[in-house]
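Need coordinates for the below:
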Amino acid sequence: MTRIRSNAVQQFEGAKPLLMEASDRFEADEVAPSRADVAALICPDWRVASLVMDARSGQVTYANTPCLQMLAERSSVQIVSGRIAFLADRLTEKFYAMLDRVVASGLESAAMIERERVGDAFMSIMIRNTQGFLRDVLNRSLGNRDAQFVVVELASSHDQSDWPAMRAFVQAFALTPFEGDVADLVLRGLTLPEIGALKNRQVSDIRQALKSLLAKTRCKHQAELVRLMMTLCPPTRRA
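Below you'll find the predicted structure:
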């Protein structure tokens, strides 16, 4: 897990200039502090990549740090003229069609899952339509009573679990550091041979660690273990 953390830190450090560039698009000097404060409470940095946008105009108002990182990577989604745009044109069309349906019908939420244009990952797009008191607070705080603000959550099948959650999982089930690494990699979808190659260990060692994981967590099979980890350590960070 230490190696994974080190690689992630290096990737984040390298992306800092792009993060700052993306951040500047949403934080003009004249924006009142309360505007960003309210949006930040709705899209905290410790959640999945999220942004606040006006469903009627399509203008993005706020994006949290994981979303800024995703935008900086420019691998699946970007901001064009203040509007969210996916690299796959068909996905952009489907997103705005779904957004129009949510606003017209008053649905609280809607979701879609599509394959990303690059690689073999899938992207989950969730639209949260603000309702009642929350909607009124957002409209007042963001200074536009005629807008229809929604929260858009973006997740990738390559996303990883939060490190504090994984550390707590390791402690709760008395796992060894190696077993914790195997658990994290299993949750990320790697096969036993892939884990063995990454950790420079024999597949038999990985299989023995998995057997120990199942015993300590009282799971009957690998699928049950994955479900347990997904429940207790849901993915919230970019790979």
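
if I pick the residue nearest the centre of the chain, what's in contact with it?
Closest residue to the average C-alpha location of the chain: residue 48 at 3.3 Å, with Cα atoms, centre = their mean. Residues near residue 48 by Cβ atoms under 8 Å, 6 or more residues apart in numbering: 66, 153-155, 159, 235-236. (C-beta placed from N, C-alpha, C; glycine too.)

Which one of the residues you listed sits in the busiest neighbourhood?
Neighbour tally across the contacts of residue 48 (other Cβ atoms under 10 Å): the maximum, 24 neighbours, falls on residue 66.

how about the nearest residue to that residue, chain neighbours excluded?
When the adjacent residues along the chain are set aside, residue 66 lies closest to residue 49, with 4.1 Å between them (Cβ to Cβ, 6 or more residues apart in numbering).

cool, residue 60 as well?
Nearest one to residue 60, counting by Cβ to Cβ, 6+ apart, is residue 53 at 4.7 Å.

can you give me the helices in this structure?
2-24, 33-42, 65-73, 89-105, 132-141, 163-172, 177-187, 192-199, 203-217, 222-232 (DSSP state H).

how much space is there between the residue nearest to the centre of the chain and residue 220?
29 Å (Cβ to Cβ, to the nearest Å).

got it, and residue 111?
30 Å.

Now do the buried residues in stretch 89-96.
By 16 or more other Cβ atoms under 10 Å, the buried positions in stretch 89-96 come out as 91-92, 95.

Number of residues surrounding residue 141?
By other Cβ under 10 Å, neighbour count at residue 141 equals 18.
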